[in-house]
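K.L.:
Quick one, what's the 3D model for this:
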Amino acid sequence: MSFEDIMLKISTIINETFDTEYEITPITSAEDIDEWDSISHIELITEIEKGFSVRFALGELQDLKNVGDMAKLTQEKLA
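P.N.:
The predicted structure is shown next:
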């Protein structure tokens, strides 16, 4: 799956999870989305794992700075 396809799917998951219509880019982070707090972050990760049929280790998630990092990690998991 291409990076662009992953970004598109993650964008959809983010907007569905937070019930928003933000334009999501690779540099979008939790600071950019009011609804994205520590509790909703867990829900988002769960939805991304379900959406792509992948599992993330806690250590992998700690280093993510933005949606682009999440898409890259997802692409690695799918490879």
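
K.L.:
From now on I want contacts and neighbour counts done on CA atoms only, so please keep to that.
P.N.:
Fine.

K.L.:
ok, residue 7 - how many residues close by?
P.N.:
21 (other C-alpha atoms under 10 Å).

K.L.:
Also the one 5 residues further on?
P.N.:
Taking other C-alpha under 10 Å as the criterion, the count of residues near residue 12 is 17.

K.L.:
Which positions in the helix or strand containing it come out as buried?
P.N.:
According to DSSP states H and E, residue 12 maps onto helix 3-17. Buried residues in helix 3-17, counting neighbours by 16 or more other C-alpha atoms under 10 Å, are found at 6, 7, 10, 11, 12, 13, 14, 15, 17.

K.L.:
chain center to it, what's the gap?
P.N.:
Centre-to-centre, helix 3-17 and its host chain are 7 Å apart (C-alpha atoms, centre = their mean, to the nearest Å).

K.L.:
next structured bit after that helix?
P.N.:
That would be, after helix 3-17 and using DSSP H and E, helix 38-52.

K.L.:
which of the residues in that next one are buried?
P.N.:
For helix 38-52, using 16+ other C-alpha under 10 Å, the buried residues are 41, 44, 45, 47, 48.

K.L.:
Any chance of these in TSV with distance to residue 28 and pLDDT as columns?
P.N.:
As requested, these are exported to TSV (distance: C-alpha to C-alpha, whole Å; pLDDT from 0 to 100):
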residue	distance to residue 28	pLDDT
41	14	91
44	14	95
45	15	95
47	17	97
48	16	97
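
K.L.:
ok, these vs residue 21, which is closest?
P.N.:
The nearest member of the buried residues of helix 38-52 to residue 21, counting by C-alpha to C-alpha, is residue 44 at 15.0 Å.
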